[in-house]
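S.K.: Need coordinates for the following:
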Amino acid sequence: MTDGDLTVREATAEDYEDVVAFTEDTWPERETGDYLADVFHDWLAAEDAKTAVAVDDETAVGILQCTLLSDREAWLQGMRVAPDHRGRGVGSLLVEHLFDWAREQGATVARNMVFSWNQAGLGQSRATGFEPTTEFRWLEPDPDPDAEGPLDTTNDPDIAWQCWQESAARDHLRGLALAPEESWALRELTLADLRDAADEGVIAVTSEDGARAMTVRVRDYERETESGDSERVAEYGVAAWADLPAAESLVAAIKRDAAALGADRTRVLLPETVRHVSDGAALRAGISDTPDFVLAADLSGR
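M.R.: Numbers count the residues shown, from 1 in each chain. Prediction:
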């Protein structure tokens, strides 16, 4: 794809230095660093994914990746444009190029995630055809092997699915949860996902009134902290509950599960609703400061 002096093509290893140069100070007003340099080579090797760069005079000036999370769901991530080339339509070229690729693979929807404070990213997403979908925060309860709640828990995936199907969380999140295949990506949660994970991390809370809360652990991993130390993180795809006692029991079960893994901390995707956020606050379970936004583009009519 070309537009004037710009060309969009698949990224290669030779683009690495260019990408590092224009992403080393992505958000100068914030303490948040950019992860692109760390994942660039992994992106090139990823299956069911394509990483594209916009090139001006043989120099990469923009980057974007698209990965397939299911046979119909695509996820776009990591859009960056060199500061000197913003305003030239680089982002739009990259998005259209990868929309075309995703549609050729059979995808009917493409989604992305933007930090709520990232006004430029939100504006770019809307300008390239993404529409608002949902928002979430992170719940971060500390691992604790002795945590207890008032209600019973089970690892039955069908009970967890029943709870998810009837939950306000599912409605708010449009059926989305963290994707097991890709960190920082969301796709539709399925019963098969819960059954596949049943022995490893499905948690459902029950009472005499039926299914009351659920979650599913999607991954646990080691990461390096800013101080150079190592920590183990347990990550849960979504949390859904009916009321505060159910939330208390679910959070306690998450704490026990994470402790059994030897995790140092947790991250649980939490719907950005007054109910879920205030319940998390009431339980002092730890909540991230700002929400993240998810947007989607319908590819079926393009």
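
S.K.: so for the helix ranked longest in the chain, what's the average pLDDT?
M.R.: Scanning the chain for the helix with the most residues, using DSSP state H, yields helix 244-260. Model confidence over helix 244-260, given as mean pLDDT, is 98.

S.K.: any idea where the helices of the chain begin and end?
M.R.: Using DSSP H, the helices assigned to the chain run over residues 16-23, 36-45, 90-104, 119-127, 157-165, 168-173, 191-201, 244-260, 274-282.

S.K.: Send me the shortest one as CSV with only the CA atoms.
M.R.: Backbone C-alpha positions of helix 168-173 (Å, rounded to 0.1, in the frame of the first residue of the first chain) are rendered in CSV as follows:
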residue,chain,number,x,y,z
ALA,A,168,-24.1,-7.6,34.5
ALA,A,169,-20.4,-7.9,33.9
ARG,A,170,-21.0,-9.8,30.7
ASP,A,171,-23.5,-7.2,29.5
HIS,A,172,-21.1,-4.3,30.2
LEU,A,173,-18.1,-6.0,28.6
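
S.K.: how distant is that helix from the center of its chain?
M.R.: A distance of 16 Å separates the centroid of the chain from that of helix 168-173, by C-alpha atoms, centre = their mean, to the nearest Å.

S.K.: repeat for the last one
M.R.: Shown here is helix 274-282, whose average C-alpha point lies 21 Å from the average C-alpha point of the whole chain (C-alpha atoms, centre = their mean).

S.K.: ok, now the first one?
M.R.: Here helix 16-23 is found 24 Å from its chain centre; the criterion is C-alpha atoms, centre = their mean.

S.K.: For that helix, which outside residues touch it?
M.R.: Helix 16-23 is contacted from outside by 11, 34, 36-37, 40-41, 53, 59-61, 63, 80-83, using C-beta atoms under 8 Å, 6 or more residues apart in numbering. From N, CA and C alone the C-beta is placed, and that goes for glycine too.

S.K.: Can you tell me which of the residues you listed are classed as buried?
M.R.: The neighbour-count criterion (16 or more other C-beta atoms under 10 Å) marks Ala11, Asp34, Leu36, Phe40, Val53, Ala60, Val61, Ile63, Arg80, Val81, Ala82 among the contacts of helix 16-23 as buried.

S.K.: can you redo those residues as a markdown table with pLDDT?
M.R.: Listed next are the buried ones among the contacts of helix 16-23 as a markdown table, based on pLDDT from 0 to 100:
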| residue | pLDDT |
| --- | --- |
| Ala11 | 97 |
| Asp34 | 65 |
| Leu36 | 84 |
| Phe40 | 91 |
| Val53 | 97 |
| Ala60 | 94 |
| Val61 | 94 |
| Ile63 | 95 |
| Arg80 | 88 |
| Val81 | 90 |
| Ala82 | 90 |
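
S.K.: among those, which are in strands?
M.R.: Within the buried ones among the contacts of helix 16-23, membership in strands is found for Val53, Ala60, Val61, Ile63, Arg80, Val81, as judged by DSSP state E.

S.K.: how many other residues sit next to the residue lying closest to Thr59 once chain neighbours are set aside?
M.R.: On the basis of C-beta to C-beta, 6 or more residues apart in numbering, the spatially nearest residue to Thr59 that is not a chain neighbour turns out to be Asp18, at 5.6 Å. The number of residues packed around Asp18, counting by other C-beta atoms under 10 Å, is 19.

S.K.: mind checking how far Asp18 is from Arg111?
M.R.: Relative to Arg111, Asp18 is positioned 27 Å away (criterion: C-beta to C-beta, to the nearest Å).

S.K.: lowest confidence element among the helices and strands of this structure?
M.R.: Per-element confidence for the chain was summarised using mean pLDDT, DSSP states H and E. The lowest value among helices and strands belongs to strand 2-3, with a mean of 59.
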